Structure formats: C-alpha cells, structure tokens
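Engineer: okay, predicted coordinates and the sequence, questions at the end:
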Amino acid sequence: DGGITQSPKYLFRKEGQNVTLSCEQNLNHDAMYWYRQDPGQGLRLIYYSQIVNDFQKGDIAEGYSVSREKKESFPLTVTSAQKNPTAFYLCASSIGPRGRNEQYFGPGTRLTVT
Amino acid sequence: AQKVTQAQTEISVVEKEDVTLDCVYETRDTTYYLFWYKQPPSGELVFLIRRNSFDEQNEISGRYSWNFQKSTSSFNFTITASQVVDSAVYFCALTANFGNEKLTFGTGTRLTIIP
C-alpha cells in the first residue's frame, strides 16, 4: 500500500542529545513537509522540501535540520539547540510543490525529551 | 498574513445528532484554497476536502457537508447523524500567497460523540 511511514512511534531522549526522526513515502510525491503539534494547538511548519536536494525553512525552523537526498525520504533532526523539543511531529507529502495540493500525513512520532 | 480561526475548542454531542464545526479565515489574496482534515486518536491527519476561492458551491459527501461563504469568510463543516467514529480533532486550513504557499492551520476542534 502507498503511504507515509514515520518511525519510531514513540521516542525518548535525554536533554542535550540530537535525535533524528524518519519519514519515508512511496507515493512518488515531489513535496514533503515536517510539522510540529503541541497540545491544544494547530500544526506549525518546521521545514518543507519541494524537490530533491532543496528545502526551505518553515515558521519554526530554529533548532531543527533536514535533508532531502532522495525523493522518498525527508529525515528531521532535532538538535540540542531546540529549547522545547517535546512534541508530536508529523511528516506529510503532496503530489506537487504547491500548497494548494492536499497533503497526506504519516502517523507521527511523539518525542519526549527529559 | 493569513489566519484561520476555529473558535470551538471542544464540542460534545450525543450520537445521531447533527453538529457543525466553524471555520473563519483571513487572507488578502483573492485566490486561495481551504481544507479540512480529521485527526483521529491514532494521530494521523486525514484529508477530507479542498475548496478553492472561486468555487462557492457547497459540497456533500455522505454524512459530511461543507458550507463555503466568501461574504463571511467562513468554511463550516457539518456532520449529519453523527457516529462514535466521528470522534476526532478536526482542523481547518488555508493556503494563499502563492510563491510562499504554506498551509496555515487553525487550532482545531475536538469533537466527542457520546454513545
């Protein structure tokens, strides 16, 4: 089945450690996105990539980094510079590099940093 | 700047009742797209509908219907004869400002259907 996979579902890290969240899609979509969701809030865009080897900062990119070496993969690294990393992280993709296209989401990774 | 407001934080209704989720948006662009997404307890957002600013025709899909009114900048979502499976958080979202086409989400409405 086509879709987006994120692993792991739950992730625990100690403060000061970098951690990488995986996102893979087999939908042959050009664009991929990373969002952060905090309780009672909407989704906030961290980074997005419209094509391979290219990505742009979203609204809350500080403390995060990404890469897009393959069309199928868009990993997100949460660095120790991120002041409040505990959150639910969602990856998404869309068929074209336009916000007007509907986005398809993965199941998310819940990151807890203590 | 663009903004989406979902004033209803939480709604509870008894099963089989109808329920309407409100969405009010702000944008200076004349061309824009509106979306509704459903987030069940599993966490994954599910796309429900997309509507562009030039199409004000209301849409019905089974028990779901959407009312788009540009005059009031609203894009409301109605569930008819609600079911327990409809329990989820529902997000309204907007994209405009083409060239910088980011999706702006509202804060969501948590809908609980009481059996």
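Structural biologist: Yep, it's here. This structure is a prediction, so every number in the text was calculated from the model and none was measured.
Engineer: does chain A sit close to the least confident helix or strand in chain B by mean pLDDT?
Structural biologist: Counting by mean pLDDT, DSSP states H and E, chain B has its least confident helix or strand at strand B:59-61, which shows a mean of 87. No: with CB under 8 Å from any CB of the partner chain as the measure, strand B:59-61 is seen stopping short of chain A, the closest distance being 14.1 Å. Placement of C-beta: from N, CA and C, glycine included.
Engineer: which of the residues in the helix or strand following that strand are buried?
Structural biologist: Counting by DSSP states H and E, the next helix or strand C-terminal to strand B:59-61 is strand B:64-69. For strand B:64-69, a neighbour-count test (16 or more other CB atoms under 10 Å in any protein chain shown) marks B:64-66, B:68 as buried.
Engineer: quick check, strand B:64-69 touching chain A?
Structural biologist: No: Strand B:64-69 stays clear of chain A (CB under 8 Å from any CB), getting no nearer than 14.1 Å.
Engineer: list the contacts of whichever helix or strand comes after that strand.
Structural biologist: The helix or strand immediately downstream of strand B:64-69 is strand B:74-79, counting by DSSP H and E. Residues outside strand B:74-79 that contact it (CB atoms under 8 Å, 6 or more residues apart in numbering or on different chains) are B:18-25, B:34, B:36, B:48, B:51, B:63-69, B:86, B:90, B:92, B:111.
Engineer: switch the cut-off to 6 Å
Structural biologist: B:19-24, B:34, B:36, B:63, B:65-68, B:86 (CB atoms under 6 Å, 6 or more residues apart in numbering or on different chains).
Engineer: just the buried members of these?
Structural biologist: Using 16+ other CB under 10 Å, the buried ones in the contacts of strand B:74-79 are B:19, B:21-24, B:34, B:36, B:65-66, B:68, B:86.
Engineer: in TSV: those, plus secondary structure and pLDDT.
Structural biologist: Output for the buried ones among the contacts of strand B:74-79, formatted as TSV (DSSP: H, G, I helix; E, B strand; the rest coil; pLDDT from 0 to 100):
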residue	secondary structure	pLDDT
B:V19	strand	98
B:L21	strand	98
B:D22	coil	98
B:C23	coil	98
B:V24	strand	98
B:L34	strand	94
B:W36	strand	97
B:S65	strand	95
B:W66	strand	95
B:F68	strand	95
B:D86	helix	97
